[in-house]
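Participant: Make a model of this:
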Amino acid sequence: MNRILQYALGVIFSICLMIVLLFTSVEAAVYWIPGYFQKEYAKYNVTEAVSMNMDDLLDVTDQMMSYLKGNRDNLHVPTTMGGVEREFFNAREIAHMEDVRGLFLGGISMRRGCLMIMALSLILMAMLKTKFKSTFPKAVCAGSGLFFLASAATALLISTDFNRYFIQFHEMFFKNDLWMLDPSTDMLINIVPEGFFSDTVFLIGTIFFISVLFVVTFCLFLVHKYGKNAD
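Facilitator: Coordinates of the predicted model:
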């Protein structure tokens, strides 16, 4: 019975670990890679679309990303567009970004909760009188593998029609139509076009895949090292 419980705790630990890695991959893609936004803006000619120079556009982006992470209280961002000083975001965009910030901060809270569950799982597993060194890596491999296969299947499905599932994502997570922006009046949709989102989703998936591959490889190494009869 202790062995079964320890396997269960190991699987719970691994699923929480995958959630932590997924949210961290999102954060890494949009916060940790130097020059990412500048490269994407140049790729999609965003400065021309919004009549701004790159430095001003990157300043707006920095303030927007700071807001999403909870480090800024509002999105009142004055800038210069086409030689005219104005607020970059209008009321509809600000309202939508409030919803986006709620999702982002919710993800951060979920990651924090998963880390707490992981720590509790480790404590409980250590208290069980079983062969921890052999049981734990196997359980983590199993849980990580299942989560990764489900994620890979979802990614393949999304890749068949990104626009369709992009819309479904918004309909699922937003309870209003504020995300339906007009490029003639709303600058937000011009600085992050669909191509930007598809590139970013691919980058997040790549970072997540590499992270999971490292975890599974390390667990397989431990399984091989300690074997079935390890203490």
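
Participant: so is E85 in a helix, a strand, or just coil?
Facilitator: Under DSSP: H, G, I helix; E, B strand; the rest coil, the three-state class of E85 is strand.

Participant: residue contacts, it?
Facilitator: The contact partners of E85, by C-beta atoms under 8 Å, 6 or more residues apart in numbering, come to P78, T79. C-betas here are computed from N, CA, C, even on glycine.

Participant: ok, now with 7 Å
Facilitator: P78 (C-beta atoms under 7 Å, 6 or more residues apart in numbering).

Participant: is it in a bridge, and if so with what?
Facilitator: T80 (DSSP bridges).

Participant: How confident was the prediction at it?
Facilitator: Here the pLDDT value assigned to E85 is 96.

Participant: With L75 as the reference, measure out to it.
Facilitator: 17 Å (C-beta to C-beta, to the nearest Å).

Participant: Could you tell me how many residues sit around I15?
Facilitator: 18 (other C-beta atoms under 10 Å).

Participant: ugh, wrong one, I meant M52
Facilitator: 23.

Participant: Need the three-state assignment for it.
Facilitator: coil.

Participant: And for it, nearest residue in space, chain neighbours not counted?
Facilitator: M81 (5.4 Å; C-beta to C-beta, 6 or more residues apart in numbering).

Participant: what does L203 give?
Facilitator: Nearest one to L203, counting by C-beta to C-beta, 6+ apart, is A29 at 4.6 Å.

Participant: do the same with Q63
Facilitator: Sequence neighbours aside, V77 is the residue nearest to Q63 in space, at 5.0 Å (criterion: C-beta to C-beta, 6+ apart).

Participant: Model confidence for that neighbour, exactly?
Facilitator: pLDDT, read off for V77, is 97.
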